[in-house]
Every structure is written in structure tokens, then in C-alpha cells.
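>>> output the structure for:
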Amino acid sequence: MKNTLFLFSLCILLCTQSFAQLSQQARDSLHKLSQQDHQLMMQELGITALRPGPSGNPEAPNAANVDEAKASPYTSLPDPLVFKNGKKVKNAKHWKRRRLEIMEDFDREMYGRMPANTPAVTWEVLSEKDTMNGDYPIKIKQLVGRVDNSAYPAISVNIQLTLTTPANSTTPVSVMMEFGFNFPPGFRPPASPTNEPTWQQQLLAKGWGYAILVPTSYQADNGAGLRQGIIGLVNKGQPRKLDDWGTLCAWAWGASRALDYFETDKNVDAKRIGIEGLSRYGKAALVTMAYEPRIAIGFIGSSGAGGAKILRRILGEQVENLAASGEYHWFAPNFIKYAGPLTQNDLPVDAHELIALCVPRPVFISVGSPTVEGQWVDAKGMFLAGVHAGPFINFWVRRS
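This is a model prediction of the structure:
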């Protein structure tokens, strides 16, 4: 529990730190540009107003619901094993077709379409260093993925990646890749409240390596950045179309490019790569797992709404929060309409189907204690998503 709380608090600190370092003028500018782009998307959708989302402050007049008795007004969920025409999925061939239906709904209505053709990425090893992590000798590689911007030189995109492998390994190793952070010079993360080995040391003890991929190095975590980064480069600095990819999908694209590099590194077993993320990066890790079949396992931490939580549940963070100007950039512009005039019940998909897209690979979905961290991420909603993915998992096992 202490480690879970520590990681959640550290994630919040790091997610907000770089923003806090900006001047007030720069922060105001980011807010303004995000709001302007959000309004433009609303205009494209023909929407003049959205329902306001609830507050995460339990003392606020519009506090988010935490009463389980009011949490599940929906009576059904989309069935991953039923085609849109009402016919049932009966075999693996059927599932391939049904999977395309589900992916199309996520692409069009929620996460956005990843472009069929994205610029090439050339990986460069900036530095290599032999050092120690606790008792474990390691080799650290600092890498940069330079994205080809010849089609639009006004925007440059570079992917930051750090790979650490056991220095004494004689065979390619499994690697856990984390959506992580670019620490500013001199920054030291707070010490763990326990004396337990760090997650990196636990991996090294098993003979694994680990990698830190910095998502914001290639796509900013705000609406103001949508005309920059990989999304802006592909769109040549123009606004998104209504079904264009959002930041979560762009971050997943970067993870795929890191996998491309791992396939060329003799120290890495590219068939045994895991993905991990916490909070908004937990959402991105789950999207990556669903969209990238080369990922072998996923550890999804406190992803909540927009990740592993059933969106139809009225508890904690809601679609209205996700569709507002502070978070809409994670999704396709089409997703905004589910905060007005449509509702979450009109979504053709939900989180259990995103989990189903990961099968047969294992996915570990975790969350801190609701009694300590609060109900904002809706722990039960994520548990239920796994439960409702269960029938599909059983179907897969029976037919595999």
C-alpha cells in the first residue's frame, strides 16, 4: 500500500512539475490555446455547450458521486462477442472480423485514427554508460528517435528513450518499458517510504532490463500542443479532423517506434517487451497494449476513465471531465460530443472491449486503495471492466 501511494503521488508530482515551472504568462498561453482549439472542435461538431464534469473535491457542491448505489444506472454493455448485425462470434475467423468492428469504433469515436503512414524514425545512441543500480551492474543507453520531418520542416520531433540492461547478461533480455518522465537537471525523486528494492532492481534481480520512454518528448500533454509534436507534424501544423488521433494514441505510436529499435538491439529480446504506466500514462499503456500486438504483457496503474474503467458508471471522473478543454486532447475530437448532446451510454464501445483487444496477452490492472486515494479513478469500475471482458477471455481459451 505504501508503495502504491508513493507511486501515485510521485506521478502527480511529475505530471504537474514541468507545467508549474512555466511562467504564469506561459501557463495562461497554454490554457488559452487549448481552449481555442477545443472551441474549434466543438464548432466542427456543431456543439455550443457541454455538460460540466463533476469535481474531484469531495467538499465541492458538484462533487463526483461516490455512492455505489447510484453508480450503475446502465442496464447493458456492448458485447464484444456480438457483431453489429446481431450475429454471434463463434470462431477465431469471426473474431478477426469483430475485432475490426471494435477497433473502428475506438478509432472513430474515442482514441482517433492512427495515420496509415507516419514519418520514419531513425534511432541514434547518444551515450552508453556502465554503472550500478544498487548491487546490480548495468549498462545504460541514452537514445533519441529522430522523426523524418522532410515533408514539413517547420516541426521537429525527437523521441527520448533510455534503455537499461544487466551488464553481465550473455543473452538477450526481457525489457519492461515505462511511460515516464524527463527529469530536469538537479531533480531528485522523493525516496521510497520503504526499504524494499525499487521496481527497477526487482527486474534486474530477475535478469530483466527496463526502459523509460518519455511521451511528452514527441507529443505534448495539452491541447495547445496538438499542432506540434507527431500529431502536428503529420497534419503539417493544421487542426485535427474529427476522427484524428489524440495524444494517447500518439503516445502509443511512440512505444511502437521504441519496439522497432528494440528489434535491432542484440541485448534485447524484442518478443518479451512489457509496457507500464500510471494514471494518464496508465491509459496510454492500455491503449498501447490494445493497438500494438508486439507487446507481450501490460501493467496498467490507476488508469481510470478513458483507460480501464467502465465509462458508463457514474462514479468518480466522468466523460464530461475527459471531454473538457483540459483533457480532450487525449482523444479524437469526436469524443467531445459524448459530453453533449450524447452521453456515455451512446458510446458504441467501453473499457471491457479495450481489455478484450489485448487478449491472449496478460494484462495486470491495478489501483490504490479508494479509501486512501479517493474514488476519482473508480477502482470497482476497473475491476468490473475486467469481469465483463471475462466472457471473451473464456471464448478465446475454449477456441485456442
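>>> please determine how far the residue positioned nearest the centre of the chain is located from G298.
The chain has A284 as the residue nearest its centroid, 0.8 Å off, counting by CA atoms, centre = their mean. Using CB to CB, to the nearest Å, A284 is found at 11 Å from G298. (Glycine included, C-beta is placed from N, CA and C.)
>>> can you check A211 too?
Taken as CB to CB, the span from A211 to G298 is 14 Å.
>>> need the next SSE after the helix or strand bottoming out on mean pLDDT in the chain, C-terminal direction.
Least confident helix or strand of the chain, by mean pLDDT, DSSP states H and E, is helix 2-21 with a mean of 49. Next helix or strand after helix 2-21 toward the C-terminus (DSSP states H and E): helix 24-45.
>>> just the buried residues of that next one, please?
L30, L33, S34, D37, H38, M41, M42, L45 (16 or more other CB atoms under 10 Å).
>>> name the helices or strands packed onto it?
If contacts are counted by 3 or more CB pairs under 8 Å, 6 or more residues apart in numbering; DSSP states H and E, helix 24-45 sits against no helix or strand.
>>> give me the contact list for that helix.
19, 22, 48, 50, 222-224, 226-227, 239-240, 242, 324-326, 328-329, 333-334, 336-337 (CB atoms under 8 Å, 6 or more residues apart in numbering).
>>> any of those buried? List them.
50, 222-224, 226-227, 240, 242, 324-326, 328-329, 333-334, 336-337.
>>> run through the strands of this structure in chain order.
Using DSSP state E, the strands found in the chain span residues 121-133, 136-147, 158-166, 173-179, 209-214, 268-278, 297-301, 363-366.
>>> closest one to L81 among those?
For the strands of the chain, proximity to L81 was assessed by CB to CB; strand 363-366 is nearest, at 18.2 Å.
>>> can you give me the buried ones in that closest one?
Going by 16+ other CB under 10 Å, strand 363-366 has these buried residues: V363, I365, S366.
>>> so what's the last one bridging to?
Using DSSP bridges, the beta-bridge partners of S366 come out as G301.
>>> and it, what is it in contact with?
Contacts of S366 (CB under 8 Å, 6+ apart): T4, F299, I300, G301, S302.
>>> neighbouring contacts of stretch 99-113?
Contacts of stretch 99-113 (CB under 8 Å, 6+ apart): 80, 83-84, 114, 240, 243-246, 248-249, 287, 290, 331-335, 338, 347-349, 353-354, 356-357.
>>> selecting buried members of those residues in PyMOL, what would you type?
Buried members of the contacts of stretch 99-113 can be picked out in PyMOL with the line below, counting by 16+ other CB under 10 Å:
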select buried, resi 80+114+240+243+244+245+246+248+249+287+290+331+332+333+334+335+338+347+349+353+354+356+357
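>>> which of the contacts of stretch 99-113 fall in helices?
Counting by DSSP state H, the contacts of stretch 99-113 place L248, C249, V287, A290, E353, L354, A356 in helices.
>>> please report how far the first one lies from S72.
Here the distance between L248 and S72 works out to 25 Å (CB to CB).
>>> and the second one, by the same measure?
Summarising the geometry, the distance separating C249 from S72, computed by CB to CB, is 28 Å.
>>> then the third one?
Here the criterion is CB to CB. By it, V287 lies 25 Å from S72.
>>> again, but for the fifth one
From E353 over to S72 the distance is 17 Å, taken as CB to CB.
>>> ok, the fourth one next?
Summarising the geometry, the distance separating A290 from S72, computed by CB to CB, is 24 Å.
>>> in a markdown table: the buried residues of strand 363-366, plus distance to A385 and pLDDT.
Formatted as a markdown table, those follow (distance: CB to CB, whole Å; pLDDT from 0 to 100):
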| residue | distance to A385 | pLDDT |
| --- | --- | --- |
| V363 | 10 | 96 |
| I365 | 8 | 97 |
| S366 | 13 | 94 |
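>>> the closest residue to C249 other than its chain neighbours: how many residues sit nearby?
Closest residue to C249 apart from its sequence neighbours, by CB to CB, 6 or more residues apart in numbering: Y111 at 4.7 Å. A count of neighbours around Y111, defined by other CB atoms under 10 Å, yields 30.
>>> likewise for S303?
Neighbours of S303 (other CB under 10 Å): 28.
>>> how about the nearest residue to it, chain neighbours excluded?
G282 (3.4 Å).
>>> equivalent analysis for E320, please.
G53 (3.5 Å).
>>> low-confidence stretches in the protein?
Scanning the chain for pLDDT under 70 picks out 1-22, 183-193, 400.
>>> how about a cut-off of 50?
Applying pLDDT under 50 to the chain picks out residues 1-10, 12-14, 16-17.
>>> tell me, how many residues neighbour V397?
Neighbours of V397 using other CB under 10 Å come to 10.
>>> one more: D346?
Look at D346: counted by other CB under 10 Å, it has 12 neighbours.
>>> ok, now which ones touch V268?
Counting by CB under 8 Å, 6+ apart, V268 makes contact with L163, T165, P172, V173, V175, G209, F262.
>>> which of these sit farthest apart?
Using CB to CB, these span at most 12.3 Å, a distance reached by L163 and P172.
>>> shared neighbours, those two?
Listed as contacting both L163 and P172 by CB under 8 Å, 6+ apart are N267, V268.
>>> who has more neighbours, these two?
L163 (24 against 17).
>>> ok, the more buried one touching D265?
Yes: at 7.1 Å, L163 counts as touching D265 under the criterion of CB atoms under 8 Å.
>>> if we can go back for a sec, what's the local residue count around the residue nearest to S303?
Residues near G282, counting by other CB under 10 Å: 28.
>>> ok, N149 next?
Using other CB under 10 Å, N149 is surrounded by 15 other residues.
>>> give me phi/psi at it?
Per-residue torsions, N149: phi -110, psi 20 (degrees, to the nearest 10).
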